[in-house]
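Trainee: below are the sequence and a predicted model for it; my questions follow.
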Amino acid sequence: MLALALVVAVLQQSPPTPLPPQVGDTSPFRRLVLPTPGLVREGSGRPGPRYWQQRADYTIRATLDTARHSLRGDETIRYGNNSPDTLRYVWLQLDQNLFADGSRGEALNPPGTRFAGGGFVGGYTIDYVRAVRRTGSQTVRRVSLGTTTNGTVMRVDLDEPLPPGGVLSLEIAYAFQIPEHGGDRMGREQFPGGWLYELAQWYPRLAVYDDVRGWNTEQYLGQGEFYLEYGDFDVALTVPASFLVAATGTLLNPVAVLTPTQRARLATALKSDTTVPIIAKAEVGQSFTRPRSSRLSPTLTWRFSAKNVRDFAWAAAPNFIWDASGWQGVLVQSFYPPEANADWARSTEFARHSIKHYSEKWFRYPYPTAINVAGPVGGMEYPMIVFCSHRSGGLGLFGVTTHELGHEWFPMIVGSNERLYMWQDEGFNTFMNIYSTRAFFPDISFDRERGNAQAWAQFVRSGRDEPPMLPADRVDPPLLGQIEYNKPATGLYLLRHYVLADTTRFDAAFREYIRRWAFKHPTPADFFRTMEDGLGEDLSWFWRGWFYRTDVIDQAVDSVRARNDSSGTTALVYLASPGGLPMPVDLRLTLANGAVETVRLPVEIWYRGNRYAYARRVAADPVKVEIDPGMNLPDVRRENNVWVKQ
């Protein structure tokens with residue numbers, strides 16, 4: 001009976017009170033979680049007082065064998081350990097191994113695609129890796145080091161630990177066959193006048209060791225680009241005597257490799273704001289275009305010096321037309337074969353405009369030369385030199401020229417990690433290209449997909465959007481241009497012209513980012529923090545929705561009604577933002593008396609949710625209300641942007 005009584009008592013009790021909802025902050029306005037700041041990288045986005053980065057200086061001697069289409073070189077790398085860590089091994093990048101048989105990049109890039117090798121099988125041959133040890137003022141010993149190659153990177157085990165503040169000197173001898181189609185980054189092509197070579201990723205390079213990840217050893221798979229240390233280069237390139245060489249840096253021995261006429265023309269070009277022929281089309285291939293010394297030897301050695309750069313590239317051919325001009329001490333040059341599109345005669349003009357524009361608008365170009373080379377590579381950038389397709393012409397040639405030279409700022413000056421964060425160089429550069437193009441062609445609309453809100457909305461509606469924060473090699477190749485180029489560029493354009501609606505404020509913050517991180521290694525967090533620091537805005541909602549996610553913009557006018565009383569008429573406009581990415585709201589109200597009123601509501605109206613009621617005193621009943629009437633936003637459902645009184 002006692003058990004039965006207990007059961008009855010339990011059944012007579014009221015049901016338990018349900019617990020209230022238990023949730024975290026899921027608002028789009030929640031603070032973006034970024035790496036904890038410190039003395040290396042500050043919360044303001046500045047490099048901290050203990051910021052450090054490694055340094056790699058190169059002395060390289062290389063010979064181009066045009067009969068075998070091969071290159072053989074030896075290099076000495078002076079590697080300075082500025083980190084607080086003791087290093088017992090170092091990692092080198094062997095990018096030519098992308099073309100080795102069975103490489104990971106070969107599996108990822110089918111034959112015939114842009115970043116493949118066109119069926120070519122190659123890769124590095126490493127003859128030796130040695131440490132140079134000085135045991136006395138005159139005594140030098142060379143110690144062979146053990147290595148382990150893992151695809152496109154190689155670990156070098158040191159015979160002695162490299163302490164903080166220490167310097168390592170490595171000697172490496174290497175060789176490789178030059179592919180015709182080197183993943184659209186380097187290669188060679190035959191013209192009637194001979195072979196034209198564009199050489200990049202042509203020497204073993206130190207991987208980056210940084211405070212963020214330690215050794216950065218992502219494989220080179222073709223689509224993702226590069227992350228490199230800064231240093232000085234002393235390079236000697238031995239080529240057939242009939243060849244001309246264009247390269248990163250300053251030519252150190254012009255008397256040995258150029259004629260007096262060419263040297264005089266270059267001096268004139270440096271002071272000219274118009275194009276000066278150094279070797280005219282009618283002179284190409286003529287014996288008098290080569291110095292007398294070339295008649296005494298089958299080869300000539302060209303020597304170049306480059307200071308504080310993160311890479312070195314070069315091109316060589318016997319059949320270059322060579323043009324040049326100058327801008328404030330910068331020698332702007334173009335090298336192209338006679339068979340190139342005729343519009344290449346304007347290449348130097350296009351290049352000079354680009355260097356001048358970016359220097360005046362963003363950050364002064366710091367190098368002595370800027371070179372555009374026509375060849376088999378469609379478009380690729382290196383310090384002081386870019387490769388653009390010899391088939392490009394007209395607006396296409398201007399576009400690829402101003403884009404590739406824009407890379408002199410991102411990532412050559414601002415040295416971000418392209419392989420992980422491609423948007424930090426391609427997106428920023430594409431954004432800058434909008435304005436360089438408009439400055440050159442003020443009477444032609446060049447919005448297209450760059451900064452064009454409606455073009456971006458159309459793409460987003462396809463459902464193929466991806467976050468730009470994805471590493472480059474994980475982006476679907478057909479979408480690369482949209483995700484890593486156009487989306488970041490459109491986002492920055494939107495931020496500059498619509499969200500802030502203050503180009504002066506945006507430009508000052510963007511310049512500050514370049515200034516702070518010139519010749520350093522910024523991360524996305526450093527960019528976000530610097531922009532917020534300069535703008536005085538918490539933009540977590542924007543960075544998260546645009547760069548980390550695929551949130552869409554969808555603003556709507558749900559309904560409108562008028563309230564009339566003794567004080568007059570009040571328009572009550574009920575707004576919604578069902579998309580994941582909130583935005584400020586531009587409204588246009590048309591009244592029954594024909595008057596039109598506009599108002600901007602800040603993004604903070606969405607702080608408490610995705611619905612907002614806006615009240616406005618008006619002179620007459622509203623008959624039409626439009627949201628974003630200027631179509632400045634990439635709104636994915638514009639059909640809900642307008643309310644009309646029935």
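Mentor: All right, it came through fine.

Trainee: neighbouring contacts of stretch 414-424?
Mentor: Residues from elsewhere that reach stretch 414-424 (Cβ atoms under 8 Å, 6 or more residues apart in numbering): 208, 216, 218, 220, 224-228, 230, 310, 410-411, 425-426, 428, 468-469, 471-473, 475, 483-484, 487-488, 513-514, 517-524, 527, 547. Bear in mind the C-beta positions are built from the backbone N, C-alpha and C, glycine included.

Trainee: typo on my end, it should be stretch 344-359
Mentor: Contacts of stretch 344-359 (Cβ under 8 Å, 6+ apart): 273-275, 321, 323-328, 330, 332-334, 336, 365, 370, 372, 374, 388, 390, 392-393, 397-398, 401-402, 405-406, 408-409, 432, 435-436, 439-440.

Trainee: which of those are buried, as a ChimeraX select command?
Mentor: Of the contacts of stretch 344-359, the buried ones go into a single ChimeraX selection, burial set by 16 or more other Cβ atoms under 10 Å:
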select :275,321,323,324,325,326,327,330,332,333,334,336,365,370,372,374,388,390,392,397,398,401,402,405,406,408,409,432,435,436,440
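
Trainee: out of the contacts of stretch 344-359, which are inside strands?
Mentor: Cross-referencing the contacts of stretch 344-359 against strands under DSSP state E gives 321, 323-327, 330, 332-334, 336, 370, 372, 374, 388.

Trainee: of those, closest to Leu196?
Mentor: Closest to Leu196 out of those is Ala374 (8.3 Å), distances taken as Cβ to Cβ.

Trainee: test my guess that that closest one contacts Glu339.
Mentor: No. In terms of Cβ atoms under 8 Å, Ala374 does not count as a neighbour of Glu339; the distance is 9.1 Å.

Trainee: which neighbours do those two have in common?
Mentor: Joint contacts of Ala374 and Glu339 (Cβ under 8 Å, 6+ apart) are His390.

Trainee: would you check that Asn244 makes contact with Gln333?
Mentor: Heads up, residue 244 is Leu, not Asn. No. The criterion here is Cβ under 8 Å, and Leu244 misses it with Gln333 at 10.9 Å.

Trainee: overlap in contacts, the two.
Mentor: With Cβ under 8 Å, 6+ apart as the test, Leu244 and Gln333 both reach Trp322.

Trainee: return the residues in contact with Phe243.
Mentor: By Cβ under 8 Å, 6+ apart, the neighbours of Phe243 are 64, 66, 300, 316-318.

Trainee: other SSEs contacting the helix or strand hosting Tyr58?
Mentor: Assigned by DSSP states H and E, Tyr58 belongs to strand 55-65. On a contact count with 3 or more Cβ pairs under 8 Å, 6 or more residues apart in numbering; DSSP states H and E, strand 55-65 meets strand 70-80, strand 231-240.

Trainee: now do 10 Å
Mentor: Contact analysis of strand 55-65 by 3 or more Cβ pairs under 10 Å, 6 or more residues apart in numbering; DSSP states H and E lists strand 70-80, strand 167-177, strand 194-199, strand 205-206, strand 231-240, strand 299-309, strand 314-317 as its packing neighbours.

Trainee: reformat the ones you listed as TSV; add mean neighbour count and mean pLDDT.
Mentor: Formatted as TSV, the helices and strands packed on strand 55-65 follow (neighbours: other Cβ atoms under 10 Å; pLDDT from 0 to 100):
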stretch	mean neighbour count	mean pLDDT
strand 70-80	18	98
strand 167-177	19	98
strand 194-199	23	98
strand 205-206	22	98
strand 231-240	20	98
strand 299-309	19	98
strand 314-317	26	98
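
Trainee: tabulate the ones you listed in TSV, adding columns for distance to Thr570.
Mentor: Formatted as TSV, these follow (distance: least, Cβ to Cβ, whole Å):
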stretch	distance to Thr570
strand 70-80	70
strand 167-177	75
strand 194-199	68
strand 205-206	67
strand 231-240	67
strand 299-309	63
strand 314-317	70
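
Trainee: among those, which is nearest Asn564?
Mentor: Once these are compared by Cβ to Cβ, strand 299-309 is nearest, at 70.5 Å.

Trainee: any idea how far the helix or strand where Gln190 lies is from the chain center?
Mentor: Assigned by DSSP H and E, Gln190 belongs to strand 186-191. In terms of Cα atoms, centre = their mean, to the nearest Å, the centre of strand 186-191 is found 25 Å from the chain centre.

Trainee: kindly export that strand (C-alpha atoms) in PDB.
Mentor: In PDB, the C-alpha atoms belonging to strand 186-191 read as follows (Å, rounded to 0.1, in the frame of the first residue of the first chain):
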ATOM      1  CA  MET A 186      57.600  29.800 -66.300                       C
ATOM      2  CA  GLY A 187      58.600  27.900 -69.400                       C
ATOM      3  CA  ARG A 188      59.800  28.400 -72.900                       C
ATOM      4  CA  GLU A 189      58.500  28.900 -76.500                       C
ATOM      5  CA  GLN A 190      60.200  28.800 -79.900                       C
ATOM      6  CA  PHE A 191      59.900  31.700 -82.200                       C
END
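
Trainee: what comes up buried for it?
Mentor: Within strand 186-191, the residues scored as buried using 16+ other Cβ under 10 Å are 186-189, 191.
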